[in-house]
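Visitor: Based on what follows, work out the 3D shape:
(one chain, ligands or ions: 2)
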Amino acid sequence: MFKKVTHVIFDMDGLLLNTEDLYTIAFQNICKPYGKVFDWSIKINIMGMKPDSAAHHTIEKLSLPVTVSQFAEMLSAQLPSIFSQSKLLPGVEKLVKHLKQHNIPVGICTGSSEKAYMAKTSHLKDFFAMFNPIVLCGDDKEVINGKPHPDGYEVTMKRFQPIPDASEVLVFEDAPNGVEAALAANMQAVMIPHDKVPFEYVKKHAEKATLYLKSMEDFNPELFGLPAF
Ligand SMILES: O=c1[nH]cc([C@@H]2O[C@H](COP(=O)(O)O)[C@@H](O)[C@H]2O)c(=O)[nH]1
Ligand SMILES: [Mg+2]
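Guide: Ligands and ions are numbered 1, 2, ... in the order given. Modelled structure (predicted):
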């Protein structure tokens, strides 16, 4: 059922980092003055998208009287204070260090822009130095379409040297759009959703994913032919 892999690509927001909680705070700060509530019913559809697509979708759904660039500015203003508080999620450091120690190439494919990436990771430099490549779909010129399209994962795979086959790549994702993207790129996808997301919003993708887990702490590398802990 599970195929042996040689390479691993991690999503970032909500998978490596607790930044989905931080996005919820930042987006709610933008929506609140207009009397609107940014809840899971909207968030579930935008997680993983490029920043402009996520802003566009939120503006449309909540009928916010702002442009995409105004939304982006309001988000950008909150980056230093909110995203600099980002933390690694449980089980993440142990798994990534383990893979690195066994020379398994590890990359990142995130919907984030470079500016947001810097705010989220500058206090965690040693950890993020373990990944190569790191593809920031929000700004990367080669990534035409963000998640749920496969472009980001395909570009990340092609930046490993030597380039693996998609069937040898394992992806870790928290969001439906990310699971879609990884499966569309013909990779195996482990889905680990946010622990507070209502299950009805992730059920379809939890079933579609190669494997569904509640926490990275529950991952057994041997299932995919990776070295045992
Ligand atoms: O509440 C939100 N969650 C997530 C996003 C978007 O989804 C991406 C999540 O990235 P990742 O692919 O690393 O999960 C973020 O960078 C951002 O563009 C957002 O705008 N708002
Ligand atoms: Mg994510």
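Visitor: make it CA atoms for all contacts and neighbour counts henceforth
Guide: Noted.
Visitor: what helix or strand is Phe160 on?
Guide: Using DSSP states H and E, Phe160 sits in no helix or strand.
Visitor: which residues touch the nearest residue to it once chain neighbours are set aside?
Guide: With Cα to Cα, 6 or more residues apart in numbering as the measure, Pro133 is the residue that lies nearest to Phe160, at 6.6 Å, once sequence neighbours are left out. Residues near Pro133 by Cα atoms under 8 Å, 6 or more residues apart in numbering: Val106, Gly107, Ile108, Thr156, Arg159, Phe160.
Visitor: Check Pro133 and give its pLDDT.
Guide: Reading off the confidence values, Pro133 has pLDDT 98.
Visitor: for Met1, same thing?
Guide: Here, the pLDDT recorded for Met1 equals 83.
Visitor: how near is it to Val179?
Guide: Separation of Met1 from Val179 (Cα to Cα, to the nearest Å): 18 Å.
Visitor: same deal with Phe71?
Guide: 26 Å.
Visitor: who's more crowded, the two?
Guide: More crowded of Phe71 and Val179, by other Cα atoms under 10 Å: Val179, with 31 against 21.
Visitor: Hmm, the more buried one is touching Gln188, no?
Guide: No. In this structure Val179 lies outside contact range of Gln188 using Cα atoms under 8 Å: 9.0 Å.
Visitor: ok, and the closest non-adjacent residue to the residue in the chain positioned nearest to ligand 2?
Guide: Nearest to ligand 2 in the chain, going by Cα to the ion, is Asp13, at a distance of 4.1 Å. Excluding the flanking residues, the one nearest Asp13 by Cα to Cα, 6+ apart is Thr19, at 5.3 Å.
Visitor: residues contacting the one you found?
Guide: The neighbours of Thr19, taking Cα under 8 Å, 6+ apart as the test, are Asp13, Phe83, Ser86, Lys87, Lys120.
Visitor: Just send those residues back as a markdown table, with pLDDT too.
Guide: Shown next, in a markdown table, are the contacts of Thr19 (pLDDT from 0 to 100):
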| residue | pLDDT |
| --- | --- |
| Asp13 | 98 |
| Phe83 | 95 |
| Ser86 | 97 |
| Lys87 | 98 |
| Lys120 | 97 |
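Visitor: Who are the contact partners of Ile108?
Guide: With contacts defined as Cα under 8 Å, 6+ apart, Ile108 is in contact with Ile9, Phe10, Asp11, Met12, Phe131, Asn132, Pro133, Ile134, Val135, Thr156.
Visitor: as a whole number, average confidence for the helix or strand hosting the first one?
Guide: It refers to Ile9. In the assignment (DSSP H and E), Ile9 maps to strand 7-10. For strand 7-10, mean pLDDT is 99.
Visitor: quick one: the next helix or strand after it to chain centroid distance?
Guide: As assigned by DSSP H and E, the chain's next helix or strand after strand 7-10 is helix 19-31. How far helix 19-31 lies from its chain's middle: 16 Å, per Cα atoms, centre = their mean, to the nearest Å.
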